[in-house]
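>>> Quick check, what structure comes out for this input:
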Amino acid sequence: MHRNGLSGLLKSLMVCAAIQTLLAISALCQVHTNWLANPGFELGMANWTYYGDYEYPGNYTNQGVLNTNQFVLGTTPPYVSAHAGTNAFKAWGNYNTWLSHNGRRQMFAAAPGSTWSASGWVSTQVPDQITGNKNGSDQAVIYVDFLNSSGTITSDVGAPGPDVLERDSALAITTNSPTSTWIFLQVTDYTGDTNLTAPYGTAYVRFSVDFSQPACYTPGGYNAGSAYYDDMALYNTTKPDPEITVQPQAVPAAPVYGQTVTLTVVADGLTPLSYLWQQNGASITSPKAHGITTATLTLSNVDTSLSGNYTVTVTDQAGPLTSDGVYVGVLDPGIISMTPPLGQTLTNGSTARFAVVAAGSSTLMYQWATNGSLTFNGGRISGADSNVLTVANVTAADAGTYSVSINGGAAQTNAGLKVVSPAQLATNLLINPGFEDGVFSVPWESGWVPFNGAALATTNDTYYGSATPVSVFDGSYVCRTYNGSPDNGLYENSVPLVAGTTYHAGGHFYVSSLDPVISPAYVVLQLAFKDAGGAQLGPTMVSRQIDPTFTTDAWTAVPVTNATGGLDLVAPAGTVAATCQIYEYCQQGGGGSVYFDDLYVTAATVQPPPTRVKITPWATTGSINLSWPSTSGVTYEVLSGNSLTSPITWSTNATVAGDGTTKSVAYPTSATQKFYRLLEHY
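Prediction:
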């Protein structure tokens, strides 16, 4: 079928300098935002501060940022793997005679009681994987410290000092961890909770990526190896107090004069809440407003004085929080409803009614129009200047868009009308089977749904890459599918069926030699039975393939067949509907276009057996005309011959698709006698 920039560091420094009372506000502003600047080291070491207990001061050669064009070790592959992007931070041991640590950190102001979540991805990669000695294994870890006001970003290189109120860490990467694999590490507290709570006295939160190495150059032996760190994350998960969980909305969104409007906010907090609604930033004084100090504001019998922007301020002991604004625009006049809301499909001879309910502060005057032209009372039409328009005994000429204008256009709406023959509804279960609506589906019907390469066409269109007009089997429209993607086509998803009933399905297909099907592409017509829950019952029934071997430049009837090749498709037990689908397979390439028209799904019991059809002939200047009553889903073949003497030779003049209306053909007269007959094809 057809990573964060230098601005993050500046923000961090500004927060650190803020007074304690602003810390909670700062936290609220960054909920669910990664507080770490340059978390994936795509900007090198920017925003990350070095720490370590190294042997030679200023020697930072035991860490660096590597990219995926560099080798894990030495001058030969394998290359460095990054979790995301192209960079990762690498750290290794100091090879000291004591347990040593080194890494990189970021630190932020934090309030007591604030909650945090921390994580990252770590990998130790062959051939420089973490090793150990008799003193233990090298370790790569992430940890979070909550510090008092005396803490600094470089303090507490190893064990926590007195400035560390709590240290939380993730499970370490060691010699027992998988190699050359990125492992997700989640920091937890001592209870295993991933929500880390800052204890009393907290002034800062500090995030560290740490590499530790046991003592080397002792009888314990010599350690080697390294670890990579990428996509670090530190989130402030502190719950706002108070918090608006659902911003206010107006119901209805566009109220009409005289209606009632409700605005509701959903909020919570750690202490009892109070509410205060405002209109345009000022107190609401209208007697039509109720619940001004509650979670729900009600505006009754509205008029234009109540139009405006509404907000609510929610307050608890932590302070006030004002909601987003919601605009209420009162329509005067305004339309409350239209029946039918989108449109309707009727049969020839039925009565169409369109009713509008409106309201306003002044007398309402109505004017209906059809397809943009004013409609007037008379004949089959009444109510053209009222709120209910009636069109009696509708015909196909009445189809279109019906609109109503109130008070000279101050309010207006529209709905559609589609007219079909009773025979079509009685025999063909598909909506818009010949695509004559000019769209795949009108808004009020569950018609065709296209996917990927599918489009409507008319004789005003041409075949791909040519100037030749498209051939239409019947009417003005056809549909085509083409190689728009590996899977293309369209479907109707709710064709109503009855269990145990026999159905026939098919359509007419056309392939142009100017845009032929190219292997391995092909198109099929499918029918799948479904139960009330939408589950498929039994196998999908499929037509023959329209592929490179299909006849070109001629419309061909193609039926859907059952498993044995027969035309009878019996709906199994539990069937309530079917999906009818045109499907083009292009998953391995191919191309071209397939055109189709007059598709059908019909109950076999409603089709009469083939019979002689009465032809009504009449002559006009230079022509002989033939007409006959047609049945939807039946294809009529018009044949002619020069003699009724055996042997009789008949030639096909035309094929015509039935749709329940009277069909006609015309042929030029000649000096040679002609005999005509009509054959029905189901």
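
>>> make it CA atoms for all contacts and neighbour counts henceforth
Will do.

>>> Contacts for stretch 298-309, please.
255-263, 279-281, 286, 288-291, 325-332 (Cα atoms under 8 Å, 6 or more residues apart in numbering).

>>> ok, now with 6 Å
257-262, 279-280, 288-290, 325-330 (Cα atoms under 6 Å, 6 or more residues apart in numbering).

>>> Send me that stretch as PDB with only the CA atoms.
Extracted C-alpha coordinates of stretch 298-309, given in PDB (Å, rounded to 0.1, in the frame of the first residue of the first chain):
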ATOM      1  CA  THR A 298     -22.200  29.500  37.900                       C
ATOM      2  CA  LEU A 299     -23.400  32.300  35.600                       C
ATOM      3  CA  SER A 300     -27.200  32.100  35.000                       C
ATOM      4  CA  ASN A 301     -29.300  33.700  32.300                       C
ATOM      5  CA  VAL A 302     -26.200  35.200  30.700                       C
ATOM      6  CA  ASP A 303     -26.000  38.300  28.600                       C
ATOM      7  CA  THR A 304     -23.100  40.100  27.000                       C
ATOM      8  CA  SER A 305     -22.200  41.900  30.300                       C
ATOM      9  CA  LEU A 306     -20.900  38.600  31.500                       C
ATOM     10  CA  SER A 307     -18.500  38.200  28.600                       C
ATOM     11  CA  GLY A 308     -14.800  38.400  29.700                       C
ATOM     12  CA  ASN A 309     -11.800  36.600  31.000                       C
END
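
>>> Pull out the buried residues from it.
Across stretch 298-309, burial judged by 16 or more other Cα atoms under 10 Å covers Thr298, Leu299, Ser300, Val302, Asp303, Thr304, Leu306, Ser307, Gly308.

>>> go on, stretch 455-465?
Going by neighbour count (16+ other Cα under 10 Å), the buried part of stretch 455-465 is Ala455, Leu456, Ala457, Thr458, Tyr463.

>>> Columns pLDDT on top of the residues you listed, output as a markdown table?
Putting the buried residues of stretch 455-465 into a markdown table (pLDDT from 0 to 100) gives the following:
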| residue | pLDDT |
| --- | --- |
| Ala455 | 95 |
| Leu456 | 96 |
| Ala457 | 95 |
| Thr458 | 94 |
| Tyr463 | 94 |
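
>>> Give me the subset of the residues you listed lying in helices.
Judged by DSSP state H, the buried residues of stretch 455-465 include no members of helices.

>>> Quick check: of those, which lies closest to Ser623?
Checking those against Ser623 by Cα to Cα gives Thr458 as the nearest, at 27.2 Å.

>>> ok, that closest one touching Tyr477?
Yes - counting by Cα atoms under 6 Å, Tyr477 is a contact partner of Thr458 at 4.8 Å.

>>> one step back: filter the contacts of stretch 298-309 down to the buried ones.
Buried by 16+ other Cα under 10 Å: 257-262, 279, 289-290, 325-330, out of the contacts of stretch 298-309.

>>> wait, what's in contact with the residue nearest the centre of the chain?
For the chain, the residue sitting closest to the mean C-alpha position, by Cα atoms, centre = their mean, is Phe451 at 13.2 Å. Counting by Cα under 6 Å, 6+ apart, Phe451 touches Asn488, Gly489, Leu490.

>>> With Gly506 instead?
By Cα under 6 Å, 6+ apart, Gly506 lies in contact with Val558, Pro559, Val560, Leu599, Tyr600.

>>> what sits opposite the last one in the beta ladder?
Bridge pairing for Tyr600 (DSSP bridges) gives the partners Gly506.
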